[in-house]
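Undergrad: 3D, please:
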Amino acid sequence: MKETFFASSDSEKDEIEIKALPIDLIWRKRVIRSKIVRESWMIEHGLRNVMEVIKRRKWESLFKRRELIHVDAVKEFYAKLTMSHNRKKDVARSKVRGVEIMFDHLKLASILGVPKNNGICEYIKEVWEESKYTKPLEITRKFANDDAIMEARRVKSVEMKPFQKFIHFLVMKNVVACFGKRDTTSYMDLIYMDHLIARRLVNLPRVMMRHMSYVISVKDHELPYGEWLTMIFKAFGVPLVDKKGEEPKRTDYFEETFLTMCKLTRENGVWWLGSGENRRSDDEIEAPTENVHEEEVKDQNDFDWEAVIDEAAVQGESGTGEKFYDVEDEVQESPEVNEEVPSVAEQASAPQKKTTPS
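TA: Model (predicted):
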């Protein structure tokens, strides 16, 4: 990977372009399966608070959705992917089975059925810097549950309480998806965990697109959003009927089999994390409800971003630690990708297209 992953960009015209590694390196990577949520199971098993975090973001239709994974199509998408980023927008261009695919973050929001908002979309690797809502030492203490910690650092699973670990799973499996059962947070994990619990806005489509740029630029990260890419393929009419996709597995559900693998168990109605002397439960099971951070997801047209974060957006260089912190002054559709895309409900009822949308 280059010394600078996301260079700073002060102008809408100054674009950062990211191209995929050679096709053979992309093809060796595994496809990451997002975790599927079943609301009835979550509520029945005492995880209503986790479900509320998802619903507050209006992500529930996406997180509940079951799609086949077309592994070869996913790998082709990433192998041919070119990403461009500037202060106003992110744009993806690829080609799958002869069909051209191009979308920006607003179109991606329409395809996935998630809100178009100006929420946080930081993409940080090992840069521990303080901003209005991210104070490294404070969030380290919060998720390690230890006010005596004197230096910002990664937090281990054994230091978290179950509710915090559930939110960590949502982040590392569906937001900035990675492979495996990671037992230690990154700083980026902590930022998104903190925002989700504190009810601050998160711009999921922009986060996803920056994560896509990262994974096609490094050798040691697998390919995320397997099921959700199927929704993109359908929206653009990529032919999938002649290729058999993979059904979700039992461990693809945010349920007991997966949670037990991750050392989360439920006894007498209480969730526990870990075992032995390190075992922890939640002192208070419900998510914080402080009004000071109460920010419901709003429509892009009536959202006052200046009330949420400083006008001065921080955009820094990366390398030994990558950083791309970008805040939109306004939501504006990119003119080259401004055609309407059907909603999730419309996609489900409409016949599958065979050609690229005009």
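Undergrad: now for E267, how many residues are close by?
TA: Residues lying near E267 (other Cβ atoms under 10 Å) number 9. Every C-beta, even on glycine, is put in place using the N, C-alpha and C of the backbone.
Undergrad: likewise N268?
TA: 4.
Undergrad: with T260 as the reference, measure out to it.
TA: Plainly put, N268 is 16 Å away from T260 if you go by Cβ to Cβ, to the nearest Å.
Undergrad: for the one helix or strand Y78 maps to, give the mean pLDDT please.
TA: Assigned by DSSP states H and E, Y78 belongs to helix 71-79. Helix 71-79 shows a mean pLDDT of 96 in the predicted model.
Undergrad: run through who's touching it.
TA: For helix 71-79, contacts defined as Cβ atoms under 8 Å, 6 or more residues apart in numbering pick out 20, 23, 26-27, 29, 31, 94-97, 101, 212, 215-216, 223, 226, 229-230, 232-233, 238, 240, 243, 245-246.
Undergrad: so in that sheet, which strands flank the following helix or strand past it, and in what orientation?
TA: Moving toward the C-terminus from helix 71-79, the next helix or strand (DSSP H and E) is strand 82-85. Strand 82-85 sits in its sheet next to strand 16-19 (antiparallel), strand 90-96 (antiparallel), going by DSSP bridges.
Undergrad: which of the contacts of helix 71-79 count as buried?
TA: For those, a burial check counting by 16 or more other Cβ atoms under 10 Å picks out 20, 26, 29, 31, 94-97, 101, 212, 215-216, 223, 226, 229-230, 232-233, 238, 240, 245.
Undergrad: can you report how many residues neighbour F77?
TA: 26.
Undergrad: run through the stretch 151-300 of the chain and note the low-pLDDT ranges.
TA: Scanning the stretch 151-300 of the chain for pLDDT under 70 picks out 180-181, 242-243, 258, 261-262, 275-278, 283-300.
Undergrad: for the closest residue to Y123 other than its chain neighbours, I want the exact helix or strand it lies within.
TA: When the adjacent residues along the chain are set aside, Y123 lies closest to R210, with 4.0 Å between them (Cβ to Cβ, 6 or more residues apart in numbering). Assessed by DSSP H and E, R210 sits inside helix 204-215.
Undergrad: that helix packs against which elements?
TA: For helix 204-215, the packing partners by 3 or more Cβ pairs under 8 Å, 6 or more residues apart in numbering; DSSP states H and E come out as strand 82-85, strand 90-96, helix 105-112, strand 123-124.
Undergrad: same for the third one, what does it pack against?
TA: This means helix 105-112. So helix 105-112, by 3+ Cβ pairs under 8 Å, 6+ apart, packs with helix 204-215, helix 226-235, helix 344-349.
Undergrad: would you map the strands across the chain?
TA: Under the criterion DSSP state E, strands of the chain are mapped to 16-19, 82-85, 90-96, 99-104, 123-124, 264-267, 270-273, 280-281, 323-324.
Undergrad: identify, out of those, the most deeply packed stretch.
TA: strand 323-324 (a mean of 25; mean count of other Cβ atoms under 10 Å).
Undergrad: how close does F179 sit to V215?
TA: On the measure of Cβ to Cβ, F179 and V215 end up 10 Å apart.
Undergrad: between the two, which contacts overlap?
TA: Jointly contacting F179 and V215 under the rule Cβ under 8 Å, 6+ apart are E222.
Undergrad: which non-adjacent residue is nearest the residue nearest the centre of the chain?
TA: The residue lying closest to the centre of the chain (Cα atoms, centre = their mean) is V175, at 1.7 Å. Excluding its sequence neighbours, the residue lying closest to V175 (Cβ to Cβ, 6+ apart) is Y192, at 5.6 Å.
Undergrad: might you report the residue contacts of that neighbour?
TA: I120, V171, V175, V176, V202, V207.
Undergrad: burial count for D72?
TA: That count, for D72 with other Cβ under 10 Å as the rule, works out to 13.
Undergrad: just the terminal-to-terminal distance for stretch 118-131.
TA: One end of stretch 118-131 to the other measures 17 Å (Cα to Cα, to the nearest Å).
Undergrad: how close does V127 get to A109?
TA: 27 Å.
Undergrad: now N117
TA: 8 Å.
Undergrad: and for M83?
TA: Distance from M83 to A109, by Cβ to Cβ: 16 Å.
Undergrad: also P22?
TA: According to Cβ to Cβ, P22 stands 31 Å off from A109.
Undergrad: do a quick rundown of the helices in the chain.
TA: 23-27, 39-44, 48-56, 60-64, 71-79, 105-112, 136-144, 162-170, 187-197, 204-215, 226-235, 256-261, 344-349 (DSSP state H).
Undergrad: buried stuff in the third one?
TA: What that stands for is helix 48-56. Residues N49, V50, M51, E52, V53, I54, K55, R56 are the ones in helix 48-56 that count as buried (16+ other Cβ under 10 Å).
Undergrad: angle of that helix against helix 187-197?
TA: Helix 48-56 and helix 187-197 are oriented at 90 degrees to each other (axes from the mean of the first three to the mean of the last three Cα atoms, to 10 degrees).
Undergrad: cool, the longest one as well?
TA: Counting by the same axes, to 10 degrees, helix 204-215 lies at 170 degrees to helix 187-197.
Undergrad: list the contacts of helix 204-215.
TA: By Cβ under 8 Å, 6+ apart, helix 204-215 touches 5-6, 18, 29, 57, 59, 78, 81, 83, 85, 90, 92, 105-106, 108-109, 112, 114, 116, 119, 121, 123, 125, 175-177, 192, 221-225, 322, 324, 326.
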